[in-house]
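Trainee: quick one, fold the following:
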Amino acid sequence: MTRNSIVAQEINRELGVIKNRIYSIQHQFQREEKEYTAIDLRDAYLGKDKTHKMLLEIFQEHNDKVDSLIGKDFAAGTAERYRTCKKHVADFLKKKYKKNDIPIQDVDNKFITGLEYYLKTTRKCAHNSAIKYITNFKKIIRIAHANDWIDKDPFLHWKGKLKIVEREFLTEEEIQKIIDLDLKMERLDQVRDIFIFCCFTGLAYADVKKLNRGDISMGADGEEWVKTKRSKTDTRSNIPILPIAKTIIEKYKDNELLKEKDLVLPVLSNQKMNAYIKEIATLACISKNLTFHLARHTFATTVTLTNGVPIESVSKMLGHTNLKTTQHYAKILDMKVSKDMEILRNKFK
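Mentor: Below you'll find the predicted structure:
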């Protein structure tokens, strides 16, 4: 066999492969009932029919839409989380791939697990924080899949489970310790008031900060209620105002600066509030890691569930969209009951 005939056979084999591939594309078009031309077949064969979208470009388009819908479909905190997630992805691309962006088609399971590892190690994110960022990123990939910019979902085999976190809360004795403190400094006194107010209303920092006088109204029972929408989920929280919370509202009702802004309480920045509440914890000899959000957990447990308020009512007051979220507090109470019963068990022994 001559060299020319060997070359000819190789060319014919290659032409056969090309022909079979083109027939396959043609059959695909026919199955999808698409109208097509010879140029469409050529472009599909060469891969020119694919829209080569870039990962961070899609992410930014999504974030721009979210930003434009703040206050309508999204809370400001949600938009901020997506911005932070995009920054983490961009930093991961530079560190791992030495690139500013990549085609969306290049995102695979290896990329996703690599991003999760990067968040937990380089970025020092806790497990739940890392999983939440990956879940935010997952939405971007789903958008790409829905628009046919990628053929398959790389998240198909990724399983991310949140760990159940034991939420700390204050006991009745610890709440009383904070209330009984004789605080000489005005800033600490105000922070103490706002913290205790949240212990007895369950409001989160963002919600108490924006709480205005119009959010307090008379309920059908003839008592005052806080009726407001949660910043985080945009769900409504209707909370009866307990006596101690009412006393705190009264304390600041003549504050001229608050009157001008139509606000109820003088709330500082989240960073300052958390720093000052830690000072207060030290003064009250409380060893728990006090954060402002712990007041919300305290309302759910010590103030309501422990005193027999049904979990459905607690869920509604907290503005939870899912009863499962509230049930985490019930589990904490089960643990408390178990410890209390252990004391009783030992007594009977």
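Trainee: tell me how far P154 lies from W225.
Mentor: Taking CB to CB, to the nearest Å as the measure, P154 falls 48 Å from W225. Glycine gets a C-beta too; all of them are placed from N, C-alpha and C.
Trainee: revised request: answer the last question for K259.
Mentor: Separation of K259 from W225 (CB to CB): 21 Å.
Trainee: pick out whichever of those two has more residues nearby.
Mentor: W225 (18 against 12; other CB atoms under 10 Å).
Trainee: quick one: that one is in a strand?
Mentor: Yes - using DSSP: H, G, I helix; E, B strand; the rest coil, the secondary structure at W225 is a strand.
Trainee: spatially nearest residue to it (excluding sequence neighbours)?
Mentor: Leaving aside its sequence neighbours, W225 sits nearest to G219 (CB to CB, 6 or more residues apart in numbering; 4.2 Å).
Trainee: residues in contact with that neighbour?
Mentor: W225, N238, P240 (CB atoms under 8 Å, 6 or more residues apart in numbering).
Trainee: and the pLDDT at the most centrally placed residue in the chain?
Mentor: With distances taken as CA atoms, centre = their mean, the chain has K132 as the residue nearest its mean C-alpha position (6.2 Å). Looking at K132, its pLDDT stands at 95.
Trainee: for it, what are phi and psi?
Mentor: With angles defined as degrees, to the nearest 10, K132 sits at phi -70, psi -40.
Trainee: quick one: it from E174, how far?
Mentor: From K132 to E174 the distance is 30 Å (CB to CB).
Trainee: which helices and strands does the one helix or strand in the chain whose mean pLDDT sits lowest pack with?
Mentor: Within the chain, no helix or strand scores below helix 323-348, which has a mean of 75 by mean pLDDT, DSSP states H and E. When contacts are defined as 3 or more CB pairs under 8 Å, 6 or more residues apart in numbering; DSSP states H and E, helix 323-348 packs onto helix 311-318.
Trainee: for the helix it packs on, enumerate the helices and strands it packs against.
Mentor: Counting contacts by 3+ CB pairs under 8 Å, 6+ apart, helix 311-318 is packed against strand 236-240, helix 323-348.
Trainee: nearest to D215, out of these?
Mentor: Within those, the stretch nearest D215 is strand 236-240; the backing value is 9.5 Å (CB to CB).
Trainee: next, the buried residues of that closest one.
Mentor: Of all the residues in strand 236-240, those buried under the rule 16 or more other CB atoms under 10 Å are S237, I239.
Trainee: model confidence over the next helix or strand after that strand, on average?
Mentor: Going down the chain from strand 236-240, the next helix or strand is helix 243-251, by DSSP states H and E. For helix 243-251, the mean per-residue pLDDT is 94.
Trainee: buried residues of helix 243-251, list them for me.
Mentor: I244, A245, I248, I249.
Trainee: in the stretch 151-300 of the chain, which spans are strands?
Mentor: For the stretch 151-300 of the chain, the strands defined by DSSP state E, counting those that start in this stretch occupy 216-218, 224-229, 236-240.
Trainee: got the domain ranges for this protein?
Mentor: By the record's domain assignment, the chain is partitioned as 3-46, 55-146, 172-348 (automatic domain parsing).
Trainee: closest to I164 out of those?
Mentor: Going by CB to CB, the one of those nearest I164 is domain 172-348, 6.6 Å.
Trainee: and that closest one, how far apart are its ends?
Mentor: End-to-end distance of domain 172-348 (CA to CA, to the nearest Å): 26 Å.
Trainee: tell me how far that domain is from the chain's mean position?
Mentor: Counting by CA atoms, centre = their mean, to the nearest Å, domain 172-348 is centred 21 Å from the centre of its parent chain.
Trainee: near K339, how many other residues are there?
Mentor: Every residue meeting other CB under 10 Å relative to K339 is counted, giving 9.
Trainee: actually R81, not the one I typed
Mentor: Neighbours of R81 using other CB under 10 Å come to 17.
Trainee: ok, the nearest residue in space to K177 that is not next to it in sequence - contacts?
Mentor: Nearest residue to K177, sequence neighbours excluded (CB to CB, 6+ apart): A284, at 4.3 Å. Residues near A284 by CB under 8 Å, 6+ apart: E174, K177, I178, L181.
Trainee: R31: how many residues sit nearby?
Mentor: If you count neighbours by other CB under 10 Å, R31 ends up with 8.
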